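this is a predicted model, with the sequence first.
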Amino acid sequence: MIGAEILIECLKREGVEVMFGYPGGAVLPIFDKLYDADIRFILTRHEQGAAHAADGYARATGKVGVCLATSGPGATNLTTGVANAYMDSIPIVAITGQVKTHLIGNDAFQEADVTGITRPITKHNYLVKDAKDLARIIREAFHIASTGRPGPVLIDIPVDVQQKDIEFIWPEVVDIRGYKPTCFGHPGQIKKAAKFIAESKKPVIYSGGGTITSGAHNKLRELAEKIQTPVTMTLMGLGGFPGTHELSLGMLGMHGTAYANHAIMEADLIIAVGARFDDRVTGRLDAFAPNAKIIHIDIDPASISKNVRVDIPIVGDAKNILGQLLEEIKKVPDTSVWLATIESWKKKHPLQYKDDGKIKPQYVIEQIYESTRGEAIITTEVGQNQMWACQWYKYIHPRTFISSGGLGTMGFGFPAAMGAKMGCPEKIVFDIAGDGSIQMNIQELATCVSNKINVKVAILNNGYLGMVRQWQELFYKKRYSYTCITGPDFVKLAESYGA
């Protein structure tokens with residue numbers, strides 16, 4: 001087979017059913033073979049849209065998302081989406097074309113040092129210089145992207161490697177020296193954690209995106225109900241514990257509920273599961289959870305004690321560790337007084353907004369929740385629209401809230417919704433957007449129309465970059481510097497695309 005055929009055959013063996021991307025000169029051999037392949041290719045209208053669509057597909061399905069772009073500007077256009085996936089630990093494989101191997105480093109037409117550019121924003125990346133290595137590299141890329149702490153892997157393939165004729169050998173086993181993620185928690189640490197839980201009076205479970213990634217949501221609920229402990233979630237963790245559950249505190253941190261933040265500040269024990277103590281959660285580190293001992297469960301040892309000192313680190317897969325912990329817990333704490341206190345905070349500090357007869361964004365999101373009965377996949381852009389979607393839609397299931405957490409990427413939600421719908425065609429998929437963010441990748445309307453991808457979009461149109469304006473109002477004496485935006489007639493624009 002030639003290299004391009006080997007790539008397609010490897011993608012099929014990895015179970016890839018759909019991929020997103022944009023053609024160009026340095027990937028023409030691959031696109032020629034895609035012409036006859038039984039992989040559905042979605043032609044996006046921008047490479048950033050392709051990367052975000054692969055990301056949304058991965059978040060909605062738990063599978064590896066795949067995107068493809070040409071060399072130079074095609075590859076650099078992917079990088080925002082790759083960085084977004086890296087910050088949120090999302091498994092995608094990004095494939096880029098590259099100039100011929102003998103031209104690398106000569107400033108050839110549409111050449112860019114893609115592996116150099118993406119080294120800080122990928123879990124791993126490859127420049128394939130020999131076609132003999134192609135099958136092994138693709139196999140390794142999918143393994144690395146989807147195991148341990150997931151993340152994006154990029155494969156840069158020169159055009160002559162794509163054309164090289166070589167014997168295809170499929171590597172059945174992946175064995176990478178030095179890459180052996182820990183899957184189960186240390187028994188001694190599990191015992192210590194069970195002892196801390198039994199002795200606590202004000203415990204709180206703090207759940208992040210790792211709970212969803214590992215499929216630990218059922219174990220998390222079992223633990224919370226067994227030890228009668230309230231659960232607060234990060235933005236990435238929403239849906240990992242039902243938002244309708246009586247033990248749910250909703251989201252914590254800068255844009256979280258008052259009662260979640262009160263609970264964290266008063267807690268004597270925090271059980272952190274698959275979360276990284278992000279600055280939007282902790283605020284001032286020296287004042288965060290001053291009375292609490294901390295158990296930190298995470299598959300990435302580098303994330304433990306990185307931001308906040310931890311009393312009991314437990315490295316491994318959250319689902320496995322929670323299972324071990326449930327078996328070890330023989331004595332449960334008495335949290336009746338603690339739960340009563342939290343209930344009083346919920347009554348005293350509810351999420352609320354003024355009903356003055358105008359359509360409020362919170363009301364819009366409440367109506368979306370009611371009309372979908374909490375069963376839709378919700379994606380968001382970034383800004384106020386994102387925070388209202390966190391606060392006013394109750395996420396019952398994992399993988400139903402898809403949003404840019406770590407990087408905070410405007411323009412993410414719409415192409416991510418497109419990818420989520422491709423992965424879960426039976427689901428209603430709703431992008432809750434702002435009038436600023438939606439314009440950053442609005443060209444993907446053409447992709448949705450031409451491929452009949454039924455995504456719904458609610459644009460909360462307030463004529464401003466709302467979140468930035470809010471900060472200017474609070475911290476910059478209402479000096480609204482370049483945050484007022486004049487948008488198009490979105491209805492006419494959608495109609496012009498055929499939506």
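Sure thing, it's come through.

once you drop chain neighbours, what's closest to Gly72?
Spatial nearest neighbour of Gly72, excluding adjacent residues (C-beta to C-beta, 6 or more residues apart in numbering): Gln110 at 3.3 Å. Yep, even glycine has a C-beta here, placed from its N, CA and C like the rest.

dump the residue contacts of the one you found.
Residues near Gln110 by C-beta atoms under 8 Å, 6 or more residues apart in numbering: 24-26, 70-74, 99.

given the helix or strand where Thr379 lies, what are its sheet partners and their directions?
Assessed by DSSP states H and E, Thr379 sits inside strand 377-380. Using DSSP bridges, strand 377-380 pairs in its sheet with strand 401-402 (parallel), strand 429-434 (parallel).

how about these in CSV, adding distance to Ile39 and mean neighbour count?
Converted to CSV, the strands paired with strand 377-380 look like this (distance: least, C-beta to C-beta, whole Å; neighbours: other C-beta atoms under 10 Å):
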stretch, distance to Ile39, mean neighbour count
strand 401-402, 23, 27
strand 429-434, 21, 28
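
the helices in the stretch 301-450 of the chain, which residues?
Assigned by DSSP state H, counting those that start in this stretch, the stretch 301-450 of the chain shows helices spanning 318-328, 336-348, 361-372, 384-392, 413-423, 444-451.

pick the most buried one from the ones you listed.
Scoring those by mean neighbour count under mean count of other C-beta atoms under 10 Å gives helix 413-423 as the most buried, with a mean of 31.

coming back round to it: ok, and the most crowded of the contacts of Gln110?
Per-residue neighbour counts (other C-beta atoms under 10 Å) across those peak at Ala26, which has 27 neighbours.

next one: the residue nearest in space to the middle of the chain from Glu172, what distance?
Centroid-nearest residue in the chain: Asp88, 4.5 Å away (criterion: C-alpha atoms, centre = their mean). Distance of Asp88 to Glu172, given as C-beta to C-beta, to the nearest Å: 31 Å.

then Lys219?
31 Å.

counting neighbours, what do you get for Asp107?
Neighbours of Asp107 (other C-beta under 10 Å): 9.

do Asp355 as well
9.

just the pLDDT for the closest residue to it other than its chain neighbours.
Nearest residue to Asp355, sequence neighbours excluded (C-beta to C-beta, 6+ apart): Tyr363, at 7.7 Å. Tyr363 carries a pLDDT score of 96 in this model.

what's near enough to touch the nearest residue to His46 once chain neighbours are set aside?
The shortest distance from His46 to any non-neighbouring residue, by C-beta to C-beta, 6+ apart, is to Gln443 (5.8 Å). Neighbouring residues of Gln443 by C-beta under 8 Å, 6+ apart: 45-46, 49.

hmm, back to that, higher neighbour count, Lys219 and Glu172?
Lys219 (21 against 6).

in the helix or strand of the chain with the lowest mean pLDDT, what's buried?
When each helix and strand of the chain is scored by mean pLDDT, DSSP states H and E, helix 279-282 comes last, with a mean of 92. Residues 280-282 are the ones in helix 279-282 that count as buried (16 or more other C-beta atoms under 10 Å).

with stretch 185-205 instead?
185-186, 189-190, 192-194, 196-197, 200, 202-205.

which of the residues you listed sit farthest apart?
Across the buried residues of stretch 185-205, the longest distance by C-beta to C-beta is 26.0 Å; it joins His186 and Lys202.

quick one: closest of the strands paired with strand 377-380 to Gly237.
Using C-beta to C-beta, the nearest of these to Gly237 is strand 401-402, at 9.0 Å.

show me the contact partners of that closest one.
56, 59-60, 238-239, 377-380, 389-390, 393, 395, 413, 416-417, 420.

and the pLDDT for Val337?
98.

what about the nearest residue to it once chain neighbours are set aside, distance to Tyr259?
With C-beta to C-beta, 6+ apart as the criterion, Val337 has its nearest non-adjacent residue at 7.5 Å, and that residue is Lys201. Shown here: Lys201 relative to Tyr259, a distance of 18 Å by C-beta to C-beta.

now the buried residues of helix 279-282 as JSON lines including distance to Gly148?
As requested, the buried residues of helix 279-282 are exported to JSON lines (distance: C-beta to C-beta, whole Å):
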{"residue": "Arg280", "distance to Gly148": "24"}
{"residue": "Val281", "distance to Gly148": "23"}
{"residue": "Thr282", "distance to Gly148": "24"}
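
closest to Leu322 among those?
Val281 (20.3 Å).

so who does that closest one touch?
206, 234, 252-254, 256, 275.

go again using 6 Å as the cut-off
252-253 (C-beta atoms under 6 Å, 6 or more residues apart in numbering).

ditto for Gln386
So Gln386 contacts 380, 403 (C-beta under 6 Å, 6+ apart).

try it again at 10 Å.
235, 255, 379-380, 403-405, 408, 410, 412-413, 432-434, 437, 467 (C-beta atoms under 10 Å, 6 or more residues apart in numbering).

over to Ala458?
By C-beta under 10 Å, 6+ apart, the contact list for Ala458 reads 361, 364-365, 367-368, 378, 385, 389, 430-433, 438.

okay if I get the residues you listed as CSV plus distance to Thr244?
Below are the contacts of Ala458 laid out as CSV (distance: C-beta to C-beta, whole Å):
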residue, distance to Thr244
Pro361, 21
Val364, 20
Ile365, 15
Gln367, 17
Ile368, 16
Ile378, 15
Asn385, 22
Ala389, 16
Phe430, 18
Asp431, 23
Ile432, 19
Ala433, 25
Ile438, 29
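
now for those: which two are most distant?
Checking these with C-beta to C-beta, the most distant pair is Gln367 and Ile438, at 18.9 Å.

which SS state does the spatially closest residue to Ala420 that is not a sequence neighbour fall under?
Spatially, and ignoring its direct neighbours in sequence, Ala420 is nearest to Ala60 (3.8 Å; C-beta to C-beta, 6+ apart). Under DSSP: H, G, I helix; E, B strand; the rest coil, Ala60 falls in the helix class.

what is the burial count for Ala60?
Look at Ala60: counted by other C-beta under 10 Å, it has 24 neighbours.

swap in the one 4 residues further on?
For Val64, the number of neighbouring residues by other C-beta under 10 Å comes to 24.

relative to Glu266, how far out is the residue nearest to Ala420?
36 Å.

you'd agree Arg309 is up against Thr282?
No - using C-beta atoms under 10 Å, Arg309 is not in contact with Thr282; the gap is 11.7 Å.

what are the ranges of the strands in the stretch 151-300 of the chain?
In the stretch 151-300 of the chain, the strands defined using DSSP state E, counting those that start in this stretch lie at 153-158, 203-207, 231-233, 248-251, 269-273, 293-298.
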